[in-house]
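**Student:** Could you look at this predicted model? Sequence included:
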Amino acid sequence: MTAELLDGKRVAGEIRKEVAAEVHKYVQSGGPTPCLTAVLVGEDPASQVYVRNKSRACERAGIDGKTLRLPSETSQQQLVDTVQQLNHDPQVHGILVQLPLPTGGNGGTGFDERAILDAVDPLKDVDAFSPVNVGLLMQGRPRFLPCTPHGIVQLLHRQQISLAGKQVVVVGRSDIVGKPMAMMLAQRDGSCGREVANATVTLAHSRTQNLTEVCRTADCLIAAVGVPEMIRGEMIREGAVVIDVGINRVEDKLVGDVAFDEAKEVASAITPVPGGVGPLTIAMLLHNTLLAAKLQHPVA
């Protein structure tokens, strides 16, 4: 068996075109141009690339993508004050604080990332990190859906992969991917309907006992643990769908959390790295920015 490649880049392109059409329709109906402002602290090269890519994606979708650059010497309070200023700016609809923040920032003591993310107005929290938005998601009535998990749901839906009644194992318990992914797939319904929900979900991690056996129960295995090629071929049930969220630089190449060459011989379908989940995250960020503008400035 050789797995079907799930082309996240193609699906992301579809979503971005749909968002661009909706942005045009919204502005033509009297709404303001949606604006996403990214706050970038320091000079981290990877963060610089991510923010630049987001700005370009915004431009192509008709969204005003701005970047507010702050020096690494910025203090915790200065960063919180900056976020509060953006909260009160009616022309800014979405706020994105680029992570990770510099480890030596805030006078050498480091930033309290949670406090900074909590300072973002929940109506402008397009990453869906706010405890308010996480709570709404938990109750099955989300305002914004986290970008990476929502992108995965969209990919599965558009590839006509049903998870209803199926066994799903999510490896990784981060607040950004693992936890919300598990929560979304276990709901009765979702943004793409009941077929990409109603799953029986196991949330595993690096300290799960008998992790190989747990993973092999999965009809769909989602790897989001942040360890290069941790998921080996023998950990995958034959015919399973494998979603690789990881992106890790090993020497001169990018690899996922899944050993791709091994996994593709066992799985029925798999996302590549790069070109799988990554492009979907930015596409759903654009979707959330438009939604934020609509919530703040509804039009008839």
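**Tutor:** Structure received. Numbering: from 1, shown residues only.

**Student:** now what about stretch 215-224, what contacts it?
**Tutor:** Contact with stretch 215-224 is made by 148, 152, 156, 161, 163, 166-172, 174, 177-178, 181, 199, 202, 204, 230-231, 235-237, 240-246, 256-258, as judged by Cβ atoms under 8 Å, 6 or more residues apart in numbering. For the C-beta atoms, the positions are set from N, CA and C on the backbone; glycine is no exception.

**Student:** Quick one: mean pLDDT for it?
**Tutor:** Averaging pLDDT along stretch 215-224 gives 98.

**Student:** buried sites along that stretch?
**Tutor:** Judged by neighbour count (16 or more other Cβ atoms under 10 Å), stretch 215-224 contains these buried residues: 215, 216, 218, 219, 220, 221, 222, 223, 224.

**Student:** Report whether the expected contact of residue 115 with residue 77 is present.
**Tutor:** No - taking Cβ atoms under 8 Å as the definition, residue 115 is not a contact partner of residue 77, at 10.2 Å.

**Student:** one step back: dump the buried residues of stretch 215-224 to JSON lines, plus secondary structure.
**Tutor:** Listed next are the buried residues of stretch 215-224 as JSON lines, based on DSSP: H, G, I helix; E, B strand; the rest coil:
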{"residue": "215", "secondary structure": "helix"}
{"residue": "216", "secondary structure": "coil"}
{"residue": "218", "secondary structure": "coil"}
{"residue": "219", "secondary structure": "coil"}
{"residue": "220", "secondary structure": "strand"}
{"residue": "221", "secondary structure": "strand"}
{"residue": "222", "secondary structure": "strand"}
{"residue": "223", "secondary structure": "strand"}
{"residue": "224", "secondary structure": "coil"}
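
**Student:** List the contacts of the nearest residue to residue 173 once chain neighbours are set aside.
**Tutor:** Distance criterion Cβ to Cβ, 6 or more residues apart in numbering; nearest residue to residue 173, sequence neighbours excluded, is residue 205 at 4.7 Å. Applying Cβ under 8 Å, 6+ apart, we find residue 205 in contact with 171, 172, 173, 178, 225.
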